[in-house]
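Colleague: quick one, what's the 3D model for this:
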Amino acid sequence: MKNSKEYSKKVHELYRSLKRKYPKVQRAIYNEPVEALVYAIISENMSETAAQSAIKRFGDYFVSLNDLRVSRTEEVIEVLGADTPVTRDIASTLTRVLRAVFERYNTVSLEALRKISKRPARQTLEKMDGTSYFAVNYCMLTSLQGHAIPLTKKMIEYLRSDQLVHPDADEQQIEGFLARQISAKNAYEFYALLRRQSESRKSKKKRKTTRKTKPEAKAKTKKKTKKTTKTKSRKK
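Modeller: Presented below is the predicted three-dimensional model:
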């Protein structure tokens, strides 16, 4: 990534500040890689709080991951909550990925990936129908002992808006850059803290719009009042 030395310093400063700001992170570990994949698919376009609530409802509703695999998209959407483009995408992706797992291993399990080295495990995940870069990285980090830093769209937007990475860098370049800055043992903590920070950030544009709208509204009201007064005086 361009100007990596400059951004490296900023990333390390960010990491230190986030550790001071938030409570200690409890690492997520999945013994079954497919469970990590399912959580990643749900949480990629949801807040972490919403994703955790959804996972709980899934556990209460579906008997097993195989039950989820053969479920209708509409049924999965109902468990996720409201019918939106995001929940529709999550539902269809979940069933596609679980079907891909079943077709390859004749079971809804990725336990076989734990018995091979990290590179072929990653390649297998990347080739599966429906898996995103985020989902692969999350699965590698939390279940297959890989060195990766998963990035949601909000996390990438936060890094760019605060000028912590080069504006022209894409998702893979940013992830690779962060992985070189943050050690494997700290990767999950950094991911969790950065995600928490990015999801707590309110849109700057909205704040600016609100501030501008109020004075403009007052100005228009004053103009209208003056015009009304003039009209009345003319009638008299």
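Colleague: contacting residues for residue 80?
Modeller: By CB atoms under 8 Å, 6 or more residues apart in numbering, the contact list for residue 80 reads 42, 54, 57, 87, 90-91. Any C-beta I mention is one placed from the backbone N, CA and C, and that applies to glycine too.
Colleague: what's the pLDDT at it?
Modeller: Residue 80 carries a pLDDT value of 94.
Colleague: now do residue 231
Modeller: Model confidence at residue 231, given as pLDDT, is 45.
Colleague: same deal with the one 4 residues further on?
Modeller: Here the pLDDT value assigned to residue 235 is 45.
Colleague: mind giving me the ChimeraX select for the contacts of residue 80, buried ones only?
Modeller: Entered in ChimeraX, the line below selects the buried ones among the contacts of residue 80, by 16 or more other CB atoms under 10 Å:
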select :42,54,87,90,91
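Colleague: quick one: which of the contacts of residue 80 is nearest residue 175?
Modeller: Nearest to residue 175 out of the contacts of residue 80 is residue 42 (CB to CB; 19.9 Å).
Colleague: which SSE is that closest one in?
Modeller: With elements taken from DSSP states H and E, the one containing residue 42 is helix 33-43.
Colleague: can you classify residue 24 by secondary structure?
Modeller: At residue 24, secondary structure determined by DSSP: H, G, I helix; E, B strand; the rest coil is coil.
Colleague: and it, how many residues sit next to it?
Modeller: Counted with other CB atoms under 10 Å, residues neighbouring residue 24 total 7.
Colleague: ok, residue 115 next?
Modeller: By other CB under 10 Å, neighbour count at residue 115 equals 7.
Colleague: how near is it to residue 127?
Modeller: 18 Å (CB to CB, to the nearest Å).
Colleague: sorry, back to before: now the contacts of residue 80 in CSV, with secondary structure, pLDDT and distance to residue 193?
Modeller: What follows is the contacts of residue 80, written out as CSV (DSSP: H, G, I helix; E, B strand; the rest coil; pLDDT from 0 to 100; distance: CB to CB, whole Å):
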residue, secondary structure, pLDDT, distance to residue 193
42, helix, 97, 20
54, helix, 95, 22
57, helix, 96, 26
87, helix, 96, 27
90, helix, 97, 24
91, helix, 96, 30
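Colleague: closest to residue 122 out of the contacts of residue 80?
Modeller: Closest to residue 122, out of all of those and judged by CB to CB, is residue 42, at 20.7 Å.
Colleague: so who does the residue nearest in space to the middle of the chain touch?
Modeller: The C-alpha lying nearest the average C-alpha coordinate of the chain belongs to residue 152 (CA atoms, centre = their mean; 3.0 Å). By CB under 8 Å, 6+ apart, the contact set of residue 152 is 43-45, 134, 195, 198.
Colleague: ok, 6 Å please
Modeller: Going by CB atoms under 6 Å, 6 or more residues apart in numbering, residue 152 touches residue 44.
Colleague: now it. Its backbone dihedrals?
Modeller: phi -80, psi 170 (degrees, to the nearest 10).
Colleague: could you measure from it over to residue 133?
Modeller: Counting by CB to CB - residue 152 and residue 133 are separated by 11 Å.
Colleague: which stretches of this structure have low pLDDT?
Modeller: Along the chain, segments meeting pLDDT under 70 span 202-236.
Colleague: can you give the domain ranges for it?
Modeller: As assigned by automatic domain parsing, the chain contains the domains 4-200, 203-236.
Colleague: just name the most buried of those domains.
Modeller: domain 4-200 (a mean of 17; mean count of other CB atoms under 10 Å).
Colleague: end to end, how far does it reach?
Modeller: Start-to-end span of domain 4-200 (CA to CA, to the nearest Å) is 26 Å.
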